[in-house]
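Chemist: Sequence first, predicted coordinates after that:
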Amino acid sequence: MLKEIRCDKFAPNHQVIKLNEGLNTVLGSSSGTNAIGKSTFLWVIDYAFGGDRYYSMSDDIKKEIGPHTIHFTYEFEGQPYYFYRSTEDTKNVYRSDKDGHFITKLTLDEFRSFLFQEYKVGTPSLTFSDITERFFRIYGRENTLEKYPLLVKPREQDEKAVDFLLKLFGHYEILSAIKSMEEELGIKFSQLKYRQHQRVDIEKIETNQKMIESLKKRLQKLMKNNEEAQLAVFGFDTHTFEQITAIQKELNSFIRKRNRLQSQLNAITSNIADSKAEIASEFDSLLHFFPNANIAAFEKIEYFHEKIREILGEEMNQEIERLQQIIDQYDKEINRLNRKIKETGLAKEMSERILSQCVNVSKTIDRLEEETADLIHQKELQEARIEAERKLKDLLLQQTEIIQEIQDNINLRMKMINDVVTEQQEIAPLLQITPQKEIIFETPGNTSEGTAFKSLVIYDLTILELRPIPALIHDSNILKRIEDIHLEHILERYQSSNRQVFIAFDKADSTTEKAHKILEETAILRLSDGNELFGRSWSKYESND
């Protein structure tokens, strides 16, 4: 808790201000004098909690007081912590010893993180200032509008205020999941009902696939070496067809005959000896094993064989010459027929037409495959998007249920507090949050100003009791509009809180006796004409202070 605030620029009797657990009252005069420093001191408290508007909000303090330093002490679990902040260095907080001697420097964010940890806020999705800016209601801040207690400023969207509640009640995960799904879809959940899905033509996919299969078969036929089939495909006339068929048949006949003769020629050639047998060496080997053999008889027999080979060789050479002449003649005929086919231009035309047809068919196949792949991809995306939208809708339903639970808890606690404050004589304020995160806050059947401010205070007390709010600040412009009997019970509620509540109030003697007693007992600072916070007043200080 915040234990003490010191500043040597305050009036001598206000330079050290001790703070209480529970309720802390900045008490004004019975005449309700303004411009004495009540709201200013509440801004000093905000400054000690890491706020950044104390010195920047009023040019009068800069002009009349000038740069100064605020010292403040916190205590957590019996351990004191000493700090100070200079108005000339508002982005840093300095830790010191109890005598104000410097120990270390913290950035403002580091200091707020320290308070966040020590106050055990326990909502990592929020920062310390996210909380204090909503529940530190000081004149000059835009969160004092009695009809919109959930908004940090009049222009804030309801959705942002509801998201704050979800985070404060520990449901950041559902917000994060919805945000991730919205980013994936590229669309806000509120726009889903207006979105129309562009249907993918499933029949077109099936038609394309069948056509692709048919075209691939056609391309396969075109690529086959079947000339008759190719001629029929390209629509040549009957005479051309018969002409090319006759030539082809004659050509094939010559090729077969020529190949047959060539096979015979090759067989004869392979049978002719390339060189004479080495008879003498073989007979020498025979004598080695059979010394008494009649070699002369063997030589006579071999001589006879040699003569026969010479006669056969001459005949085979004559046969080779005869076959080669016929083969040469066949080659001439084959060449002639090939030239004839070539001269007709038919082969070239067929090749060009086949190539053209193959290219066209291939292009059509490519186009259809690309189109089909795109349609399938669109179908997959559509299915994925529909599934993502279904998940998003499920998340939104979960969020609605969570919001309903939070709303019910708040309404239940507000009714309990309101019954105490009004002694069960008046209807409690009611919070309604739609699934679209629109906020309705009202007291049914009662639209008076006093009731509206009472309801604002009851809402703040409800959140203070339900969630780890570090402290609460209510300025006099909120409390002075509440009926005296209601104010008495509100002060009792403040006083019994296990966290600090800081209020500014004047005309204490105009309230009920019990309320007056509470205000006097909890006063930490008394201000009046001649007893101002800074020891003096100046014109146009805080006009509604």
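Modeler: Happy to help now that I have it.

Chemist: now the strands for this protein?
Modeler: Secondary structure of the chain (DSSP state E): strands located at 2-6, 16-18, 23-27, 69-76, 79-86, 92-96, 102-107, 136-137, 430-433, 439-442, 471-474, 500-505, 523-526.

Chemist: Can you name every helix or strand that the second one contacts?
Modeler: Identification of packing neighbours for strand 16-18 by 3 or more Cβ pairs under 8 Å, 6 or more residues apart in numbering; DSSP states H and E yields strand 2-6, strand 523-526. For every residue, glycine as well, the C-beta is placed using N, CA and C.

Chemist: quick revisit: identify whichever of the strands of the chain lies nearest to Ser125.
Modeler: Checking the strands of the chain against Ser125 by Cβ to Cβ gives strand 430-433 as the closest, at 18.4 Å.

Chemist: Put the alpha carbons of that closest one into CSV.
Modeler: Extracted as CSV, the C-alpha positions of strand 430-433 are listed here (Å, rounded to 0.1, in the frame of the first residue of the first chain):
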residue,chain,number,x,y,z
LEU,A,430,-27.9,-3.2,-14.2
LEU,A,431,-25.2,-4.0,-16.7
GLN,A,432,-26.0,-5.6,-20.0
ILE,A,433,-23.5,-6.5,-22.7
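
Chemist: now the strands of the chain in TSV, with mean neighbour count and distance to Asp163?
Modeler: Formatted as TSV, those follow (neighbours: other Cβ atoms under 10 Å; distance: least, Cβ to Cβ, whole Å):
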stretch	mean neighbour count	distance to Asp163
strand 2-6	19	29
strand 16-18	14	37
strand 23-27	25	31
strand 69-76	18	29
strand 79-86	16	31
strand 92-96	18	29
strand 102-107	11	26
strand 136-137	24	20
strand 430-433	18	11
strand 439-442	16	11
strand 471-474	24	21
strand 500-505	25	26
strand 523-526	18	35
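
Chemist: any idea how far Gly66 is from Arg390?
Modeler: 63 Å (Cβ to Cβ, to the nearest Å).

Chemist: Please identify the nearest residue in space to Glu142, excluding sequence neighbours.
Modeler: Spatial nearest neighbour of Glu142, chain neighbours left out: Lys153 (3.9 Å); criterion: Cβ to Cβ, 6 or more residues apart in numbering.

Chemist: That neighbour: neighbour count?
Modeler: For Lys153, the tally of surrounding residues (other Cβ atoms under 10 Å) stands at 13.

Chemist: Over to Trp43?
Modeler: Counted with other Cβ under 10 Å, residues neighbouring Trp43 total 25.

Chemist: Correct me if wrong: it contacts Phe136.
Modeler: No. Trp43 is beyond contact range of Phe136, at 9.2 Å (criterion: Cβ atoms under 8 Å).

Chemist: Mutual contacts of these two, please.
Modeler: Gly51 (Cβ atoms under 8 Å, 6 or more residues apart in numbering).

Chemist: got the contact list for Glu118?
Modeler: Glu118 is in contact with 74, 76, counting by Cβ under 8 Å, 6+ apart.

Chemist: Glu88 versus that one, what's the distance?
Modeler: 27 Å.

Chemist: now Arg467: how far from Leu126?
Modeler: As for Arg467, its distance to Leu126 is 10 Å (criterion: Cβ to Cβ).

Chemist: what is in contact with these two at once?
Modeler: Residues touching both Arg467 and Leu126 by Cβ under 8 Å, 6+ apart: Leu168.

Chemist: least trustworthy helix or strand in the chain by mean pLDDT?
Modeler: helix 227-234 (a mean of 50; mean pLDDT, DSSP states H and E).

Chemist: Any regions of the stretch 101-250 of the chain where pLDDT drops low?
Modeler: Residues of the stretch 101-250 of the chain meeting the criterion pLDDT under 70: 186-198, 200, 219, 222-245, 247.

Chemist: Do a quick rundown of the helices in it.
Modeler: 108-118, 128-135, 158-168, 172-185, 202-223, 227-234, 238-271 (DSSP state H, counting those that start in this stretch).

Chemist: Only the buried residues of the third one, if you could.
Modeler: For helix 158-168, the neighbour count (16 or more other Cβ atoms under 10 Å) marks 158, 161-168 as buried.

Chemist: about what we covered before: ok, which of the helices of the stretch 101-250 of the chain comes nearest Leu412?
Modeler: Using Cβ to Cβ, these put helix 158-168 closest to Leu412, at 15.0 Å.

Chemist: and the direction of the closest one versus that of helix 172-185, what angle?
Modeler: Computed by axes from the mean of the first three to the mean of the last three Cα atoms, to 10 degrees, the angle separating helix 158-168 from helix 172-185 equals 130 degrees.

Chemist: contacting residues around helix 158-168?
Modeler: Residues outside helix 158-168 that contact it (Cβ under 8 Å, 6+ apart) are 123, 125-126, 130-131, 134, 150-152, 172, 174-175, 399, 402-403, 406, 433, 437-439, 463, 467.

Chemist: Please save the CA atoms from that helix in CSV.
Modeler: The C-alpha trace of helix 158-168 is given here as CSV (Å, rounded to 0.1, in the frame of the first residue of the first chain):
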residue,chain,number,x,y,z
ASP,A,158,-17.8,-0.2,-26.2
GLU,A,159,-15.9,-3.2,-27.6
LYS,A,160,-12.6,-2.0,-26.1
ALA,A,161,-14.2,-1.5,-22.7
VAL,A,162,-15.7,-5.1,-22.8
ASP,A,163,-12.3,-6.5,-23.9
PHE,A,164,-10.8,-4.8,-20.8
LEU,A,165,-13.3,-6.6,-18.6
LEU,A,166,-12.5,-9.9,-20.3
LYS,A,167,-8.8,-9.4,-19.6
LEU,A,168,-9.5,-8.1,-16.1
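
Chemist: Tell me the gap between that helix and the middle of its chain.
Modeler: Remark: helix 158-168 is offset 21 Å from the chain centroid, using Cα atoms, centre = their mean, to the nearest Å.

Chemist: Residue numbering should commence at 48 henceforth.
Modeler: In the new count, where the first residue is 48, that last one comes out as helix 205-215.

Chemist: angle of it against helix 175-182?
Modeler: 120 degrees.

Chemist: Check the helices of the stretch 148-297 of the chain for me and report the most buried one.
Modeler: Burial of the helices of the stretch 148-297 of the chain is given as mean neighbour count (mean count of other Cβ atoms under 10 Å); helix 175-182 ranks first at a mean of 20.

Chemist: residues contacting the closest residue to Asn139 other than its chain neighbours?
Modeler: Leaving aside its sequence neighbours, Asn139 sits nearest to Lys152 (Cβ to Cβ, 6+ apart; 5.5 Å). Contact analysis of Lys152 by Cβ under 8 Å, 6+ apart lists 139-142.

Chemist: will you turn these into JSON lines that also has pLDDT and distance to Asn190?
Modeler: Converted to JSON lines, the contacts of Lys152 look like this (pLDDT from 0 to 100; distance: Cβ to Cβ, whole Å):
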{"residue": "Asn139", "pLDDT": "96", "distance to Asn190": "26"}
{"residue": "Val140", "pLDDT": "97", "distance to Asn190": "23"}
{"residue": "Tyr141", "pLDDT": "97", "distance to Asn190": "29"}
{"residue": "Arg142", "pLDDT": "97", "distance to Asn190": "30"}
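
Chemist: and the two most separated of these?
Modeler: Within those, two members stand farthest from each other by Cβ to Cβ: Asn139 and Arg142, at 10.5 Å.
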